[in-house]
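Asks: can you look at this prediction? I've put the sequence above it.
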Amino acid sequence: MSSGLTEEQKRRIEENRQKALARRAERLAAQRGGQVVIAGPQVKEQSPGSRGDLKEEYNHVRFITQRQQNPNSPAEQKSYLQKDYDHYTANQQMAEMLMNTSRPTEREGGGGASQASGRMQKLTNSAGAGSNFEAASYKKANSVTKGECVKYGEDRFQVKIGYNAELIALFKKIPSKSYDPAMKKWNFSLEDYSSFMEAANQLSSVVVAPLEGENTWKKPSALVKGRCMLISRLRFEVDIGYSSEVIGVFKQMDSRNYDMNTRKWSFLLEDYPKLSEYLQVEPLPEAVIQTFAAQIQRSTSQTDIPDADLSVVDSKIVTSLMPFQREGVNFAILRNGRLLLADDMGLGKTIQAICIAAYYRKEWPLLVVAPSSVRFTWAEAFHRWLPSLSPGSTNVIVSGKDNLTASLINIVSFDLLSKMDKQLKSTFQVVIIDESHFLKNIKTARCQAAMPLLKAARRVILLSGTPAMSRPAELYTQIAAVQPAFFPHYHSFGLRYCDAKKMPWGWDYSGSSNLTELKILLEEAIMIRRLKSDVLSQLPAKQRKMVVVAPEGISAKSKAVLAAEAKRMAKGYGSKQQEKEALLLFYNRTAEAKIHSVVEYILELLERGNDKFLVFGHHKIVLDAIVAELKKKHVEHIRIDGSTPSAERQSLCHKFQFSEKQVVAVLSLTAANMGLTLSAADLVVFAELFWNPGVLIQAEDRAHRIGQTSSVNVHYLVARGTADDYLWPMIQEKIKVLGEAGLSETNFSKTAESTNYCPKPDPKQKTIYDLFQRTFSENRDDADEVLLLEAADACSEFDSGSALQGTEGNTCSVSPPKKRRIEEFFKSSISKNFNLYL
Ligand SMILES: Nc1ncnc2c1ncn2[C@@H]1O[C@H](COP(=O)(O)OP(=O)(O)OP(=O)(O)O)[C@@H](O)[C@H]1O
């Protein structure tokens, strides 16, 4: 019966019907996208009817897109392909969820059908697009049938495979098909081999290995852009535009894996040579290929780090290493002494570096480059951990005129290094760079001075808890120092990992890209990094460190004043009151002398990215100087001292605890050492010492208290030639006594690098030490202690140390009652018989 419609009308109606169906399929897919989740059980929850509808609708979509293409026009074919893909994008998530989790069937099927040539297209249109889509849509993950092509006679081939409906449908479309009833197998002419393989590659539920000796891989007909990236120690990923030919090849790789979330294919590294030859994509960088050569060549790669034989190193340091520190040393030795040791702050990078360097002792002299504030701490640490060193074996460079190779161990600051260009011609085989991120800017003088040294050295031990603070570009120099051959040119590193962009003014390397690969590369070949949380069980609750600040930080005038005070004290005083006054004055002068070094150290801590820390000081001038510097640098801070009203303290603590920004808490040792919770910090810095260790420990406990989840690092800043020379050993002695009596778990002697700090037993110093002992350590009761603290407070309120000599001429004044109390204290304390108080 005729419908009475013209052919053109029928065609339009059919076209509109198909379009409507396609839209409906899209709508449905979008609606159901939220309901259906990857594997079988959820799919089963749908009614059979709804499944059928969906299948049908998908088929219609595919059918339309296939019919619309004009195979004679390559341009149109391309735009059609794109349309086809775009059209599917809305449904993609849904479709992929419905399909085998590791196969991008929809993209393969749709695109493949439109890209294939004549004979091939016929096959995919019928088998690849229609029936396979239905079947695959409801397959469970892993239900892939595997088989292989084998020769059948001279000019035919056969497919050895189990039953698979999709494949049978495909077989039936092959023009040269023939069924061998004896073998119960289909066979085909070799003429149909490539079109069969191409069609079979598009089936989601089938993997067919090619004929032996037949290379079915041809380079993709069009250039497909993409790049290879490392995604683990064993696998790489190919990020590539869609191409059915490429996908066909991917599916032949045994190690293939398709990630449904990222929609990317990945393979074992051993497949890299084969795939990289075939694909015209950005390859893995040479550094990655070198580093993972074992995995690429399928030879076994080392996963466990072997225990190094440390019998050549002083047993003291070897036996002191914590297990994770020993691992760090092993890592370094496995990498021939070239590494970036990037452990979190306070995990003992110094002890590890010394042990690694000592392993290569035959290659010394050793050069240590460190921030100026910690040069002397390094010298102390060497003598502490390597008792076999003779006393003169460390040479701390203090001026550009010093000899850089004068001793076995030479320690220089970054800035002095850059001023010693003439001497830099002599090379060192073993170099330690402390805080190696100081070299992050290739243009700086310090970096330009250090890099040639590092490239020439056999062993390079870089130490930094924060190797890069904001972008991968900051890592370049450190990587180049450890492995100069990895990225000989900054630009190639920038392109790969810094998302380098060409700008009108030049290249911008401030971005980041391929960070997973960078991380794996660093961990495999360059860096070892442990966070405190990783090794917390091995750490003590508190890690104390004595930092010997640089003497240049103390002006010549201050040194002279301190020396004069020390001389006066050594001569002895007439009365006990005069002795005490002299000591408090000495203590006061020490504060003045240290200010510069203290501020420098705090700025270095900030530069290293320490977000929150506490700084304790006693004297007002010290606290003022720190706060002034923080203000200048626009660093958020709180200050709690004796003048802070009680009502305000809580809100200041709250600000410190909960602010997300970098905040420094500047605290008075005597006015803020109790009752405050500042556990958001895990670093406590003592700008000044105090004779009463109880005060120090209470101050430490502002951070080390309930709420603290980390090990607390404590840095005591001490300066030679000052009251610290006497206070430090005195504090240790007191703590030792308490520890022996079971009254304190704290043992400063064991936890801080102090062995060489104690003043030499010369008679003059002995007298002063005794004086300190008598004044600050002798028996006294609580009330006396409070008065002594008040006296010290009073001293701190003056810009010069004459608090007890009257207020005239001083900018700050002590209230008359307080002054009276202090004076009374000095008079009365002489005759008292003190009790032990700590
Ligand atoms: N195995 C150990 N035995 C005893 N003390 C140790 C050990 N490891 C580290 N320490 C002590 O812990 C403190 C912190 O160590 P160190 O200064 O080396 O840490 P770091 O990682 O270099 O920290 P930063 O990044 O702040 O420089 C030091 O006082 C050090 O002596």
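Replies: Everything's here; your move.

Asks: what's the neighbour count on residue 609?
Replies: For residue 609, the count of nearby residues is 14 (other Cβ atoms under 10 Å). C-betas here are computed from N, CA, C, even on glycine.

Asks: need the three-state assignment for it.
Replies: When classified by DSSP: H, G, I helix; E, B strand; the rest coil, residue 609 comes out as coil.

Asks: what distance do you get for it to residue 437?
Replies: 9 Å (Cβ to Cβ, to the nearest Å).

Asks: and stretch 615-623, end to end?
Replies: Stretch 615-623 has an end-to-end distance of 9 Å (Cα to Cα, to the nearest Å).

Asks: which pLDDT value goes with the closest residue in space to residue 538 that isn't next to it in sequence?
Replies: Closest residue to residue 538 apart from its sequence neighbours, by Cβ to Cβ, 6 or more residues apart in numbering: residue 322 at 4.8 Å. At residue 322 the predicted local confidence, pLDDT, stands at 93.

Asks: who's in contact with residue 322?
Replies: Counting by Cβ atoms under 8 Å, 6 or more residues apart in numbering, residue 322 makes contact with 348, 535, 538, 539.

Asks: those residues: which ones sit near the ligand?
Replies: Among the contacts of residue 322, the residues within reach of the ligand (Cβ under 6 Å from any ligand atom) are residue 348.

Asks: which one of the contacts of residue 322 is nearest to residue 604?
Replies: residue 348 (18.8 Å; Cβ to Cβ).

Asks: neighbours around the closest one, how many?
Replies: Around residue 348 there are 22 residues (other Cβ under 10 Å).

Asks: quick check: it vs residue 322, distance?
Replies: For residue 348 relative to residue 322 (Cβ to Cβ), the value is 7 Å.

Asks: which secondary structure element is home to the nearest residue to residue 721 once chain neighbours are set aside?
Replies: Using Cβ to Cβ, 6+ apart and skipping the chain neighbours, the partner closest in space to residue 721 is residue 562 (5.9 Å). Assigned by DSSP states H and E, residue 562 belongs to helix 556-571.

Asks: before we move on, back to that, shared neighbours, residue 609 and residue 437?
Replies: Residues touching both residue 609 and residue 437 (Cβ under 8 Å, 6+ apart): 466, 469.

Asks: need the pLDDT of the residue of the stretch 101-250 of the chain found nearest the ligand.
Replies: Nearest residue of the stretch 101-250 of the chain to the ligand: residue 233, at 26.3 Å (Cβ to the nearest ligand atom). Note on residue 233: pLDDT of 89.

Asks: next one: residue 618
Replies: Reported pLDDT for residue 618: 91.

Asks: that one: how many residues sit nearby?
Replies: Counted with other Cβ under 10 Å, residue 618 comes out at 26.

Asks: separation between it and the ligand?
Replies: Going from residue 618 to the ligand by Cβ to the nearest ligand atom, to the nearest Å gives 22 Å.

Asks: likewise residue 542?
Replies: Taking Cβ to the nearest ligand atom as the measure, residue 542 falls 9 Å from the ligand.

Asks: do the same with residue 647
Replies: For residue 647, the distance to the ligand - Cβ to the nearest ligand atom - is 36 Å.

Asks: where's that residue, which helix or strand?
Replies: helix 646-658.

Asks: what residues does the stretch 501-650 of the chain put near the ligand?
Replies: 543, 544, 545.

Asks: where does the stretch 351-500 of the chain get nearest to the ligand, which residue?
Replies: Closest residue of the stretch 351-500 of the chain to the ligand, Cβ to the nearest ligand atom: residue 465 (4.1 Å).

Asks: check which residues of the helix holding residue 562 are buried.
Replies: Using 16 or more other Cβ atoms under 10 Å as the test for burial, helix 556-571 gives 558, 559, 561, 562, 565, 566, 569.

Asks: name the helices or strands packed onto it?
Replies: If contacts are counted by 3 or more Cβ pairs under 8 Å, 6 or more residues apart in numbering; DSSP states H and E, helix 556-571 sits against helix 576-607, helix 763-772.

Asks: give me the angle between it and helix 576-607.
Replies: With axes from the mean of the first three to the mean of the last three Cα atoms, to 10 degrees as the basis, helix 556-571 and helix 576-607 are set at 150 degrees to each other.

Asks: could I get the average pLDDT for helix 556-571?
Replies: 76.

Asks: same thing with stretch 178-186?
Replies: For stretch 178-186, the mean confidence score works out to 84.

Asks: and it, what's buried?
Replies: Using 16+ other Cβ under 10 Å as the test for burial, stretch 178-186 gives 185, 186.

Asks: kindly check the end-to-end length of it for me.
Replies: 6 Å.

Asks: likewise stretch 186-199?
Replies: 16 Å.

Asks: I'd like to know how far the residue nearest to residue 538 sits from the ligand.
Replies: For residue 322, the distance to the ligand - Cβ to the nearest ligand atom - is 5 Å.

Asks: tell me which parts of the stretch 251-400 of the chain are close to the ligand?
Replies: Residues of the stretch 251-400 of the chain lying close to the ligand by Cβ under 6 Å from any ligand atom are 320, 321, 322, 325, 343, 345, 346, 347, 348, 349, 350, 351.
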